[in-house]
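Participant: Fold the following.
(one chain, ligands or ions: 1)
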Amino acid sequence: MSIAQSLLSIVLEEAGRHQVQRVTKVAVKVGAWANVVPSSLTFSFDLIKEGTLAAEAILAIEQMPAQGVCHACGASIDMAQPVFACPECHSKDIELTSGQELYVDHIEAE
Ligand SMILES: [Zn+2]
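Facilitator: This is a model prediction of the structure:
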């Protein structure tokens, strides 16, 4: 619920800044490792948006793939599954570079 709450406050703050009548769509990007279940985020958002400028807003969630990089050989690594060593050189000096993000990409409003 708290993620939906903070999304909604970002949206309402943005809506207030641009003096919109109503928000029609909220596009959110969620990393594969962000620990967010899109259906439950939508459910929570739909519950709390009632009575706000975003009451009719559709939450469009785009899931972002998880990517990593190996600091030893520079290989980029697909981290859709947890990876603990570089598939190229077997170094453990790897870092998750994307996949944990959760942010409002853009908002559509009238
Ligand atoms: Zn490597």
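Participant: Name the residues of the protein found near the ion, please.
Facilitator: Contact residues (CB under 5 Å from the ion) of the chain with the ion: 70, 72-73, 75, 86, 88-89, 91. In this view, the C-beta of every residue, glycine as well, is placed from N, C-alpha and C.
Participant: among those, which ones are buried?
Facilitator: 70, 86 (16 or more other CB atoms under 10 Å).
Participant: Do me a favour and get the end-to-end distance for stretch 62-76?
Facilitator: 22 Å (CA to CA, to the nearest Å).
Participant: Check stretch 41-60 too.
Facilitator: End-to-end distance of stretch 41-60 (CA to CA): 10 Å.
Participant: Relative to the whole chain's centre, how far out is the lengthiest helix in the chain?
Facilitator: Counting by DSSP state H, the longest helix found in the chain is helix 2-17. Between the centre of helix 2-17 and the centre of its chain there are 14 Å (CA atoms, centre = their mean, to the nearest Å).
Participant: same thing with stretch 61-72?
Facilitator: 13 Å.
Participant: Ok, stretch 72-83 next?
Facilitator: The mean C-alpha position of stretch 72-83 is separated from the chain mean by 21 Å, CA atoms, centre = their mean.
Participant: Offset the numbering so it begins at 6, please.
Facilitator: That works, and once the first residue is 6, the last one we named lands at stretch 77-88.
Participant: List the buried residues for that stretch?
Facilitator: Neighbour-count burial for stretch 77-88 flags 82, 84, 88 (criterion: 16+ other CB under 10 Å).
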